[in-house]
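# Could you work out the structure for the sequence below:
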Amino acid sequence: MKRLAALVLLAASTASAAPGAASGDEQSLLAAVDATRNAFDEAVITARATQIVDGKETSSADFDVYVKGRDKGLIVFRGGKNSGRKVLTNGNRMWLLVPGSTNPVPITANQRLLGGASFGDVARLRFSEDYTSKATGESETVGGRACRILELTGKSPKLSYPRVLLSVDDRAQLPCRVRFFLGSGREARDVTFTKFREQSGRKLVSEMEVRELIGAASRAVTRLEYRDYRMARLDPKIFTPEGARGL
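Below is the predicted model of the structure:
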């Protein structure tokens with residue numbers, strides 16, 4: 001597994017507005033897209049990240065993601081050389097907890113999980129709350145689906161990606177693809193949603209592929225698989241460094 005760090009715990013109805021116009025219908029569409037990734041307020045998600053270079057799988061990591069609301073998350077690695085390591089998010093603060101180490105290590109929001117995927121790709125980013133949208137009048141085909149392209153503008157200057165192009169399947173109200181842009185205008189990340197599943201009467205993302213477009217990781221595609229979603233009542237104590245150690 002590559003160096004650990006984080007953006008944690010990404011992991012967007014038809015709108016008839018003219019290009020360049022904001023639409024309440026589009027904001028509703030963003031909320032529907034968010035629901036495919038953040039369906040449950042409290043849940044445990046079993047996941048796997050696999051790095052693929054030149055079409056070959058080179059490494060993987062299995063982990064569970066504990067989420068409570070938007071601001072609390074905990075990733076627990078299962079098996080492999082990183083087994084037992086944990087990444088904790090509580091509000092804007094994040095830590096890496098290593099077995100045998102006494103003190104949690106503060107980490108930043110843009111470090112890597114595996115290859116081109118950051119902890120934020122398994123996380124709680126909400127397009128409908130963090131961005132405003134407008135129609136571009138453009139479309140593309142992704143995985144055989146006709147998808148309309150929306151341009152999203154960040155509401156906060158603190159967002160890592162102030163501009164986003166989101167492709168959506170209007171008919172199914174599902175995300176197709178997301179392209180993330182830095183403040184400089186450079187495209188930094190490309191995410192494609194490849195599989196969905198039905199659970200508890202909801203359609204959820206079950207697989208996505210992440211490509212980092214800048215740096216050494218740009219040769220790799222990282223596949224994130226969400227293998228199981230389990231609704232759960234989670235003790236708030238596990239989202240503290242002390243409580244997370246005992247999980």
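# roughly how far out does the longest helix anywhere in the chain sit from the chain middle?
Among the segments of the chain that qualify as a helix by DSSP state H, the longest is helix 24-35. The chain centre lies 16 Å from the centre of helix 24-35; the measure is C-alpha atoms, centre = their mean, to the nearest Å.
# Identify each buried residue in the next helix or strand after that helix, please.
Counting by DSSP states H and E, the next helix or strand C-terminal to helix 24-35 is strand 42-53. Within strand 42-53, the residues that count as buried by 16 or more other C-beta atoms under 10 Å are Ala43, Val44, Ile45, Ala47, Arg48, Ala49, Thr50, Gln51, Ile52. In this view, the C-beta of every residue, glycine as well, is placed from N, C-alpha and C.
# could the residues you listed go into JSON lines alongside distance to Ser200 and pLDDT?
Below are the buried residues of strand 42-53 laid out as JSON lines (distance: C-beta to C-beta, whole Å; pLDDT from 0 to 100):
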{"residue": "Ala43", "distance to Ser200": "10", "pLDDT": "91"}
{"residue": "Val44", "distance to Ser200": "14", "pLDDT": "93"}
{"residue": "Ile45", "distance to Ser200": "13", "pLDDT": "91"}
{"residue": "Ala47", "distance to Ser200": "18", "pLDDT": "92"}
{"residue": "Arg48", "distance to Ser200": "21", "pLDDT": "94"}
{"residue": "Ala49", "distance to Ser200": "24", "pLDDT": "90"}
{"residue": "Thr50", "distance to Ser200": "26", "pLDDT": "92"}
{"residue": "Gln51", "distance to Ser200": "31", "pLDDT": "89"}
{"residue": "Ile52", "distance to Ser200": "30", "pLDDT": "91"}
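# low pLDDT regions in the protein?
Within the chain, the stretches with pLDDT under 70 are 1-24, 109-125, 217.
# where exactly do the helices run in it?
24-35, 127-130, 241-245.
# Count the residues that sit near Gln27.
Using other C-beta atoms under 10 Å, Gln27 has 18 neighbouring residues.
# hang on, isn't it packed against Ser133?
Yes - applying C-beta atoms under 8 Å as the test, Gln27 and Ser133 come out as touching, 6.5 Å apart.
# about what we covered before: nearest to Asn82 among the helices of the chain would be which one?
Between Asn82 and the helices of the chain, the tightest spacing by C-beta to C-beta is seen for helix 241-245, at 15.3 Å.
# neighbouring contacts of the closest one?
For helix 241-245, the surrounding residues in contact (C-beta atoms under 8 Å, 6 or more residues apart in numbering) are Leu74, Lys86, Leu88, Trp95, Leu97, Pro104, Asp235, Pro236, Lys237, Ile238.
# give me every residue that touches Glu198.
Leu204.
# what sits opposite it in the beta ladder?
Taking DSSP bridges as the rule, Glu198 bridges to Lys203.
# From Val67, how far off is it?
Going from Glu198 to Val67 by C-beta to C-beta, to the nearest Å gives 20 Å.
# Can you show me the CA trace of stretch 25-34 as PDB?
Extracted in PDB, the C-alpha atoms of stretch 25-34 (Å, rounded to 0.1, in the frame of the first residue of the first chain):
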ATOM      1  CA  ASP A  25     -34.400  21.300 -10.000                       C
ATOM      2  CA  GLU A  26     -30.700  20.900 -10.600                       C
ATOM      3  CA  GLN A  27     -30.000  21.300  -6.800                       C
ATOM      4  CA  SER A  28     -32.600  18.600  -6.200                       C
ATOM      5  CA  LEU A  29     -30.700  16.400  -8.700                       C
ATOM      6  CA  LEU A  30     -27.500  17.000  -6.800                       C
ATOM      7  CA  ALA A  31     -29.300  15.900  -3.600                       C
ATOM      8  CA  ALA A  32     -30.400  12.700  -5.400                       C
ATOM      9  CA  VAL A  33     -26.800  12.000  -6.600                       C
ATOM     10  CA  ASP A  34     -25.500  12.600  -3.100                       C
END
